[in-house]
Structure formats: structure tokens, C-alpha cells
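*Asks:* turn this into a structure:
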Amino acid sequence: MPVRRDVAPEQLDPTFLNHLRRLGISGVKQYRQWCVGQGFSPGINKHHTLREAEVEALRAKSAKSAERQREELRHPITTLLAIASGKLHRNGVHHSVFRGFHSCVRNTNRRRKDRTVRDPPLKEKVLVALLERLAKLRVRFLDKSCLTKRDDLETRQRLETLVRISQYHRNWVRPLQDWRPRSRSARRQFTSLIRHLFDRYGDVPAFMDSAWLSSEAQSVQHRQWYVQLGAGKNLRHCDLPISYTKRMAHWFHHCPDGQTISQAIRFGQVMGLGGDDRTALAINGTRLADNFEYDEFWVTFIRWLIAHPMLDRSHVGPIVDYIHFQRFVPEYVMVRDQRPEVDQQGDVREPNFSMKGRTPETLLRQVNRWHGRLRSSNAVQVCSWTPSYIQPFSLREGVEVNADTSAKFKRWTIRELLSSASLVAEGRQLSHCVASYARSCASGHSSIWTMEMENHAGLSKLLTIEVHLRSRTIVQIRGKRNRLPTQQEVGIIQRWAAEASLKITAYGVVGH
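*Replies:* Numbers count the residues shown, from 1 in each chain. Modelled structure (predicted):
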């Protein structure tokens, strides 16, 4: 039988293209699938009355879905209990918040082939009992006003956290029945619930609460640390990624607010080795904040940094990038084969790179020369990557109408850089080493963004921004020659972070 081929967009009738837009469908293939699912003919050449019938069917379905969403929100606890007990199928859930909760419940006990550390299995009766207790207490974070917020990210996190709390029910240090909300704040109520169930002595650091809100793979390990600390176990006896001393464990518990759990681990290490908070926070603004590979070598770097307290901490980020690039990043060379050109991994540049005998002056000269080579080299222009799920940003100030008003006109934009060539161009214009982040971006670890401002004088680049994708955190902001952002620029970035649901580390804003 002949194979049916989709018609090219330029061959489609304009009235049919308009019909696709009304249905919210992007292509012919999706249209045919939608028609079969709704009981319509999959053909594309139809009378306008049939097309109007399809539009009416879509409107009726949308209206029915909206009504069911309102019904779910009128009785949120009933909906949550039906999902938790398995009585409500996914097709019967319409509101986005409840659909996310349904996916979390159903996927929790799904078998995975990997051997990574996992949370305990979920017992549905425990989750049902937890929801019933919270409903009886009329907690604020499960009432209609919280569930209908325009930004439902926090609500989704809380519902998913209730699932994780139920998974660890064997580690509860107090009975659930003894908990009472003592505040009208939804956030404080939720924190109080976690502390009641898992923190026996009340000495688990506040930043550890984020372990329950996160769905990242590394957060499973963080939750197990929380359970162990809450039961009174010493941090040094937990399965930490690096070796820890008693002094390091002390400083871990005194890590400043705004740091992640991984950053707190690094903060405690630096302080325990004899560093100060400026040095520790400077290191937490680099790739070392959540990467503990090759720690034996990086400890020698930290000790070197502590031994040179007069070195301006604004240089820590570029120095770390340079050392990482020289000692751990393999060279990639273009190899010609019978097939198209491919890049092949070679050896690292300086596998025996050591901090012994190095002075800050000579190291900074090497960093500056490296920046120059990156700006002029084509060796890193070998890859590109797909966009992240983070939305870009645009802000317009003033109106460009005439010569009098155009002087006050400004357009701020923040957009993602999606190739190593664009990173090289960024580094050349701003005279820094962002080109070295190509492999981190290609692997999905980091996302690099450029902040630009357009006015009557033209377009100018201002800042380069690094976002840690797993934690959705802005970890580094740099301008030309690694300058720090101005207060106005920080304000723009904070507006973008609020719209895109990003976090900003305390050191990510003030710089190194």
C-alpha cells in the first residue's frame, strides 16, 4: 500500500491553516490524530460546516474541562484523597495542580533500572491518613485560596512533599496526631509539620528543609541526611561526598541563609580548613559549589587560597575555571573519517597541574593569557545544545517616539546562549572565560544567559549569567572583565528570576 505523506505547510490552503490555529494544533499529523480521537474524519479537505463542528467540539470539551476543574477546587481534599487512594484515574483529573500530584503518587513506586539511591516505597494508606489529619486540622496550605494561586509551583512542591513525608513514615520521631498548626501562615505551617515529624531535638539547619521540596536525584541523599540529623546522628557519620572533620560539621550547622545543602557542605569544609566566610562564599560562587569530584586536589587549592588572604576574592571564579579547564577537561580535536567530521576526546592539557609553588601573581597572568586564547581560538566551537525550559526575559522602559523621549527609552533582554560559538563571542566582547562552559552547557549541567540593553545609542552587552539547571539557581553573574553587577542590573535579574521561578544564591548577586 502507498504510504500517506503529510502535506508540506506551503502547500496547505490558507483557510485550513487558519483552522489549525483555531484548534491550537501545529501540524497535519497532529490534526489527523486529534480528529480520530474525537470521532471526526482525518481528511484535510472538508466543508466549512464540518470544520465549525470540530471547533464547537473543542469548545465544548474545554468548557467541560473548566467546569471539572472548578469542581475539583471546590472540594480539594476530596480530590486529593481520591487520587491518593487510587480511586481517580489520571484522565479524570483536570486541574494542573492535581494532575501533578497524581503523577507523583503513581510514579513513586515505579520500578527503575538504575541503581541510584531511592526513597522508601509509598504506602497509600499512610498518605491517606496524613491527608485526612491535615483536612481535620484545616491547614492553610491545603485550602482553596492556596491551591488557586496563579503561580502554583510552590503548591505543587508542597503536595509532592506530602508524598515524600509519607514515604519516610517509619522515620517519624513524633506521632502525627500530636501536631497542631500554631500559625496562620501556610509556609510556617508546612515547615512546622516537617520539623514535628523529623527533627527530634530542633537543631537541624533551616536550609535542610529544601531537601523535602526538591525532586532532584541528589535530594534523595539529602533527605536521608535530614532523617539522620533529625534523629540525633552526627553529620560526620552520614554518607557525605567528602571527608569531614568535627570542626567542619560545626560550621555546616552555621552556614548562612540562602545557601543550598551542597553549598553548606562546601562552606563547612572551607571554614573547617581555616578559611573565612568571604573565601567560603567565593568558592560557593563557582563550579565547586555542588561538584565534589577530585576533592583531594581541590582541597590543595582551598588551602592555597587560605594561605593567600590578600588575593582579591573576585578572582576565585576565573581561577577555578582555568584550573578545571587545564587539569580535568579533555581536548577535543576534529577527526576526518569517511563520514562527516566528528570530535574525538583526547587527553587533558595538564594532568599533573599542582598548586605547589604557585604565586597569585603568576597564576593570574596564566588566567589572563588563557582568556586571550579562548577569545581567539576556534577549538571550542564544536557543539551546540537544545534550549532549557527557562523562559527568557524582556523589559521595556520608556517609549521611543521622538528625539525627546528616545533618550529615556531602554529595552532590557535576557536570552540563552545555545552554542559554543556564541559563548566564544560573548567572552570576546566581555573579556572573560565563559567559553570554557561549553561542555557544561552541552551536558545539561549549566545554562549560560546574556543580558543586553538597547537604547537610542544602540545595543550593548552588559552581563553573562550562569544558571545551575538542576536547582534552577543563578550561581554567577559577571560583566566585562569579570566586574560585578550594578544595583540596577541586579534589580532586572531579580525580576527575571521571579518570573522564571529561579533562585539566586546570596553570593550569586553580590559576586566574589
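*Asks:* list the contacts of K408.
*Replies:* By CB atoms under 8 Å, 6 or more residues apart in numbering, K408 lies in contact with 397-398. Where C-beta positions appear, they are placed from N, C-alpha and C, glycine not excepted.
*Asks:* do you know how far it is from V490?
*Replies:* Plainly put, K408 is 21 Å away from V490 if you go by CB to CB, to the nearest Å.
*Asks:* just H48 next, same as before
*Replies:* Taking CB to CB, one finds H48 at 55 Å from V490.
*Asks:* these two: which has the busier surroundings?
*Replies:* Comparing H48 with V490 by other CB atoms under 10 Å, the one with more neighbours is V490, at 18 against 9.
*Asks:* quick one: residues in contact with the helix or strand harbouring that one.
*Replies:* In this assignment (DSSP states H and E), V490 forms part of helix 487-500. Identification of contacts with helix 487-500 by CB under 8 Å, 6+ apart yields 390-391, 393, 395, 412, 414, 451, 462-463, 465, 474, 477, 479, 485, 502-504, 509.
*Asks:* report the contact partners of S460.
*Replies:* Here S460 is in contact with 452-454 (criterion: CB under 8 Å, 6+ apart).
*Asks:* and which of these is nearest to M248?
*Replies:* E452 (41.7 Å; CB to CB).
*Asks:* so the closest one: helix, strand or coil?
*Replies:* strand (DSSP: H, G, I helix; E, B strand; the rest coil).
*Asks:* cool, and K87?
*Replies:* Secondary structure, three-state DSSP: K87 is coil.
*Asks:* distance of it from S431?
*Replies:* 62 Å.
*Asks:* excluding chain neighbours, what is closest to S262?
*Replies:* Leaving aside its chain neighbours, S262 sits nearest to D290 (3.9 Å; criterion: CB to CB, 6 or more residues apart in numbering).
*Asks:* go on, Q269?
*Replies:* Counting by CB to CB, 6+ apart, M248 is the residue found nearest to Q269 once chain neighbours are left out, at 5.4 Å.
*Asks:* just checking, the one you found touches G275?
*Replies:* No - judged on CB atoms under 8 Å, M248 makes no contact with G275 at a distance of 10.9 Å.
*Asks:* show me what counts as buried in the helix or strand hosting I194.
*Replies:* Assigned by DSSP H and E, I194 belongs to helix 186-198. By neighbour count with 16 or more other CB atoms under 10 Å, helix 186-198 contains the buried residues 186, 189-190, 192-198.
*Asks:* contact partners for F328?
*Replies:* 293-294, 348.
*Asks:* sorry, back to before: list the contacts of the helix or strand where the residue nearest to Q269 lies.
*Replies:* Element membership of M248, judged by DSSP H and E, is helix 246-252. Contact with helix 246-252 is made by 205, 234-236, 244, 264-265, 267-269, 271-273, as judged by CB under 8 Å, 6+ apart.
*Asks:* list buried residues within the contacts of helix 487-500.
*Replies:* 390, 393, 412, 414, 451, 462-463, 465, 474, 477, 479, 485, 502-504, 509.
*Asks:* list the buried ones in the one helix or strand A421 maps to?
*Replies:* Under DSSP H and E, the secondary-structure element containing A421 is helix 420-430. Across helix 420-430, burial judged by 16+ other CB under 10 Å covers 420-428, 430.
*Asks:* TSV for those, including distance to L374?
*Replies:* Shown next, in TSV, are those (distance: CB to CB, whole Å):
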residue	distance to L374
S420	10
A421	12
S422	13
L423	9
V424	7
A425	11
E426	11
G427	6
R428	8
L430	12
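*Asks:* and which of those is nearest R110?
*Replies:* Each of the buried residues of helix 420-430 was scored against R110 by CB to CB, and S420 proved nearest at 36.6 Å.
*Asks:* would you check that the closest one makes contact with L374?
*Replies:* No - with contact defined as CB under 8 Å, S420 does not reach L374; the gap is 10.5 Å.
*Asks:* shaky segments in the stretch 351-500 of the chain?
*Replies:* Across the stretch 351-500 of the chain, the ranges flagged by pLDDT under 70 are 375-382, 399-407.
*Asks:* how about the strands of it, start to end?
*Replies:* Ranges of strands within the stretch 351-500 of the chain are 393-397, 410-416, 446-455, 458-468, 473-478, based on DSSP state E, counting those that start in this stretch.
*Asks:* single out the most deeply packed of those.
*Replies:* Mean neighbours per residue, mean count of other CB atoms under 10 Å, is largest over the strands of the stretch 351-500 of the chain for strand 473-478, with a mean of 23.
*Asks:* and that strand, what does it pack against?
*Replies:* strand 458-468, helix 487-500, strand 503-504, helix 506-510 (3 or more CB pairs under 8 Å, 6 or more residues apart in numbering; DSSP states H and E).
*Asks:* I25 is nearest to which of these?
*Replies:* Taking CB to CB, helix 487-500 is the member of the helices and strands packed on strand 473-478 nearest to I25, at 27.3 Å.
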